[in-house]
Every structure is written in structure tokens, then in C-alpha cells.
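Chemist: Fold the following for me, if possible:
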Amino acid sequence: MSRLTSILVAGGILGVSVALAALLISLAPQPTRTEQPPQIPFVQTGLVTAGSGPVPVFGSGTVRPSAEIDVVSQAGGRIAWVDPGFLSGGRIAAGDTLFRIEEVDYRYRVQEAEASLAASQLALLREEEQASIARAQHDLYTARKGNASSDENANPLALREPQLKAARAALDRDEARLAEAHLALSRTHVTAPFDGFVQEESVDVGQFVAAGQPVASVFAADAVEVVVPLSDSDAALIPGLWSLTAGDGNRSVGARVIARFGEGSYAWKGYVDRSEPYLDRQTRTIDVIVRVPDPFRSGQPMDGTDRPGGSPPLLVGKYVEVEINGLERDDYYLVPRAALQSGNEVWIVRDGGAVHIVPVQVLQRTGDRAYVTGDLEDGQAAVTGGIRFTTEGMRVQAETGQTP
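Modeler: Numbering: from 1, shown residues only. Sure, this is the predicted structure:
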């Protein structure tokens, strides 16, 4: 085959291939054209709502008794009787006898003091009679001498004045000894100082106790306290905090104590009683004392439904959440806590999807929301997620969440 023929054959093959490729391309289906989505980020939002009433101050603490004392016997001796209810966890009532100490020795002391008093009374009567005779003899003597002013020169011993004074002093002493003996006898009955509960006890019939020996620990049932550590910014939201006086019963600042038992949460009403006048050295917080009257009644279920077995009391030692009624303000808003950005900003999505950056002052934070003041409006949509940074006027696509 000549060289020319080879070139012609190769050119023919190439031409046929090009024609076949062109035919296949012309017969191929046209691709579907789709419009590209706009490059605008999608964000999640929550609603801004206007607040009303007091700004709540949230805290937590452990329940402690308002009064707790050791029961101490003022008399020593063998225990003769113990109240069957005087046990750990038992309830006591003010004035009830908790236990008695054997009284025999103390009754003997009373009888001895009564005998001494009777002797002193007799001695005083005798001394009064003798002093009366001495006065009569002295008056008769001075009358015979015609010296009416001789009392100034009379010897007190002759008139038995010191003897009479000593007899009266002896009577007072024996009366005091009898009263002391009766007091010691009464102290053989150890009574409850207030309505409360027994925390622990260590007394049994036949046991010997010494005077001044602690035998039990009890705490009052009329009220409990919760120590709530707060930052100075939170404490500043409590109205009149520094004017409250401990124990004056001023209940102007209400509070609610919430405790969880099992599957439910229960609430008790209380009030701010006082605050400690110093900062905690370690936490640098202010301890605010919330007092709860009648804590051992049943708590109110938070969900409003009664549970099997009834509602529990507010137990001493329980860790609780506390909500205090703060200052009354009409210029604050509630926003989802996720809407609070770094630098204390809230990103508001305006109509049309433009972002507006609003600086705010944070009054309080809670689990899922924050209380703030700033240039906000009720019902605005605040960014809660979807973007990590923004600029003023940046456009976004928003989906409104639930009201906080």
C-alpha cells in the first residue's frame, strides 16, 4: 500500500469518528437547568416579650433550722422516766416533759430547807420579842431619868438591833435555800423549750446524767431558713435588702422555695428575713437569708396535681431552689437565653430579614431565658442559633420559635 493510500484511510477513519461523535452529542438529552438558591444564611429565632411585675432573683441553698439547741439537764441523777416519743425524728411540743430524773434526793433537800426555814422563823420571833422587851426597859429607864433624847446615845446591842437584823437575814437566807431546793426539784422534769423535732438523743431509763450534760439535740418546727449566696448584682435587685432587721417579721420581700421529691417539684412560700453584712471570703458572694414559716406542712405541687402518698414537708438539709421577688420594673424584656450573645448583645431580625444589633443590660439569667433592658420591643424575633457572627443589616432567613 502506497503512502498516499494510508493517509487517505486514516483521514477517513478520523472523519467517520468525528461525525459519529457529533451525532451522539446531538442526540443526547438536554440537562435540566435549576436556579441556585440565594446565599442567605438560615437562622433560628425566639420571641422577645415585655416583662411585668418584679424581676425574679434566682438562687439556691440548703435548708437549715431557724433554731437548734442541745437539751441539757440542769440536775444530775438517775433517769426515772422517758417520754416514749422522745426519739430521733420524734415531734415535741413546748412544755411537754421529755424525761424525769429521780426526785428522792431533791425532795429531801426541800424538807431540809423547810426545817431550816422553820427554825429561822422561830428565831426571828424570839429575837423580835427580846428586842421589844429591851426597848420597853430602855424607855422606862429614860423616863425615870427624864432624858427624852437618850435614844441617840443608846447602845444598839442593848436594844438588840444587830441581833434582830441577823435573825431577819438568817430567815431570808433560809427562804432562798428553800426556793433553790424547789427549783432544783423542778429541774428533775426536763421539758421541751419549743415545738420542734428531735434530731438525736441518748437517754434511757436507768442512765445516770450529770448536771450540764447534753443528752439530745432538737430544732424548732415553726420555721426554717435557707442561706442563698448571691452576687452583688443579684442582691442589688432585692428591694430594701439592707434595711431588713433580723427576726422582725418584716415580710415585704416575698420568696418561693422549690424542692424536688421523686418525680415532682413542690413549693413553699417564704420571705427575705435579712442578709449577712459581709462578703464570703472564698466565693465573694452575699448570703441572703430566706425564712420559710410552717415548713413541715405539705408543699404545693408545681404542676398542680396531687401525687400518691401526698406532698412532702420541707426537710432540713434539703438542697432547694429559691426565687425571690426583686425590684418592680416596667422597662425590662424576656429573651431566650440562647439569644443573649457575647458582649451582652441581642440580634433582632427585622421585617425583610435584616439583622439589627441591640446592646442590652442583663438583669437576671435563669435556665432558658434572660431578663434584660435595652432598645427592644415586644414581639420582636431574636436570633438564637444558625450563625456565629453578624454585621448590622446582614440579611438572614428566619423561623420564629416559641415565646420564652
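Chemist: what's near enough to touch S73?
Modeler: Applying Cβ atoms under 8 Å, 6 or more residues apart in numbering, we find S73 in contact with 101, 187, 190, 209-213, 215. Where C-beta positions appear, they are placed from N, C-alpha and C, glycine not excepted.
Chemist: ok, now with 10 Å
Modeler: 79, 98-99, 101, 187-188, 190, 203, 209-216 (Cβ atoms under 10 Å, 6 or more residues apart in numbering).
Chemist: close enough to count as contact, V205 and F86?
Modeler: No - applying Cβ atoms under 10 Å, one finds V205 not in contact with F86, separated by 11.3 Å.
Chemist: okay, and the common contacts of those two?
Modeler: F99.
Chemist: Those two: who's more crowded?
Modeler: Neighbours per residue (other Cβ atoms under 10 Å) separate V205 from F86, with F86 holding more: 21 against 11.
Chemist: Could you tell me how many residues sit around the residue lying closest to the more buried one once chain neighbours are set aside?
Modeler: Once flanking residues are discounted, F86 sits nearest to L98: 4.8 Å by Cβ to Cβ, 6 or more residues apart in numbering. As a burial measure, L98 scores 24 neighbours (other Cβ under 10 Å).
Chemist: List the buried residues in the helix or strand hosting L98.
Modeler: Under the criterion of DSSP states H and E, L98 resides in strand 97-101. Buried residues in strand 97-101, counted by 16 or more other Cβ atoms under 10 Å: 98-101.
Chemist: distance between the lengthiest strand in the chain and the chain's centre?
Modeler: When the chain is parsed with DSSP state E, its longest strand is strand 264-279. Counting by Cα atoms, centre = their mean, to the nearest Å, strand 264-279 is centred 4 Å from the centre of its parent chain.
Chemist: ok so, going back, out of the buried residues of strand 97-101, the closest to V292 would be?
Modeler: Each of those was scored against V292 by Cβ to Cβ, and L98 proved nearest at 26.1 Å.
Chemist: Distance of that closest one relative to P84?
Modeler: Remark: distance between L98 and P84 (Cβ to Cβ, to the nearest Å) = 11 Å.
Chemist: Just give me the residues shared between the contact sets of the two.
Modeler: By Cβ under 10 Å, 6+ apart, the residues touching both L98 and P84 are G90.
Chemist: Do I have it right that D232 meets L279?
Modeler: Yes - judged on Cβ under 10 Å, D232 makes contact with L279 at a distance of 8.1 Å.
Chemist: More neighbours: those two, which one.
Modeler: Between D232 and L279, counted using other Cβ under 10 Å, the more crowded position is L279 (13 against 10).
Chemist: partners of the more buried one in the sheet?
Modeler: Following DSSP bridges, L279 is listed with bridge partners I286.
Chemist: ok, and for stretch 335-354, which residues are buried?
Modeler: 335-336, 338-341, 345-349.
Chemist: Tabulate the CA atom coordinates of that stretch in CSV.
Modeler: Extracted C-alpha coordinates of stretch 335-354, given in CSV (Å, rounded to 0.1, in the frame of the first residue of the first chain):
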residue,chain,number,x,y,z
VAL,A,335,-35.5,36.9,75.8
PRO,A,336,-34.4,33.3,75.2
ARG,A,337,-31.1,32.7,76.9
ALA,A,338,-29.7,31.5,73.7
ALA,A,339,-30.4,34.9,72.1
LEU,A,340,-28.0,36.6,74.5
GLN,A,341,-24.8,36.9,72.5
SER,A,342,-21.3,37.6,73.7
GLY,A,343,-20.8,41.2,74.7
ASN,A,344,-24.3,41.4,76.0
GLU,A,345,-26.0,41.8,72.6
VAL,A,346,-29.3,40.6,71.1
TRP,A,347,-29.5,40.2,67.4
ILE,A,348,-33.0,41.3,66.2
VAL,A,349,-34.4,40.1,62.8
ARG,A,350,-36.4,43.0,61.4
ASP,A,351,-39.1,42.8,58.7
GLY,A,352,-37.3,41.9,55.4
GLY,A,353,-34.7,39.7,57.2
ALA,A,354,-32.2,42.4,58.1
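Chemist: can you give me how far it is from the chain middle?
Modeler: Computed by Cα atoms, centre = their mean, the chain-centroid distance of stretch 335-354 equals 36 Å.
Chemist: try stretch 84-101
Modeler: 27 Å.
Chemist: Can I get it as PDB, trimmed to CA atoms?
Modeler: This file holds the C-alpha atoms of stretch 84-101, laid out as PDB (Å, rounded to 0.1, in the frame of the first residue of the first chain):
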ATOM      1  CA  PRO A  84     -41.900   7.300 124.500                       C
ATOM      2  CA  GLY A  85     -42.000   9.900 121.800                       C
ATOM      3  CA  PHE A  86     -38.600  11.300 122.700                       C
ATOM      4  CA  LEU A  87     -36.700   9.600 119.900                       C
ATOM      5  CA  SER A  88     -34.800  10.700 116.900                       C
ATOM      6  CA  GLY A  89     -37.300  12.100 114.400                       C
ATOM      7  CA  GLY A  90     -40.000  12.400 117.100                       C
ATOM      8  CA  ARG A  91     -42.000  15.600 117.400                       C
ATOM      9  CA  ILE A  92     -42.100  17.500 120.600                       C
ATOM     10  CA  ALA A  93     -44.400  20.300 121.900                       C
ATOM     11  CA  ALA A  94     -43.400  23.300 124.000                       C
ATOM     12  CA  GLY A  95     -43.700  22.500 127.700                       C
ATOM     13  CA  ASP A  96     -44.000  18.700 127.300                       C
ATOM     14  CA  THR A  97     -41.900  16.700 129.800                       C
ATOM     15  CA  LEU A  98     -39.200  14.800 127.800                       C
ATOM     16  CA  PHE A  99     -37.700  12.800 130.700                       C
ATOM     17  CA  ARG A 100     -37.600  12.900 134.500                       C
ATOM     18  CA  ILE A 101     -34.700  12.400 136.900                       C
END
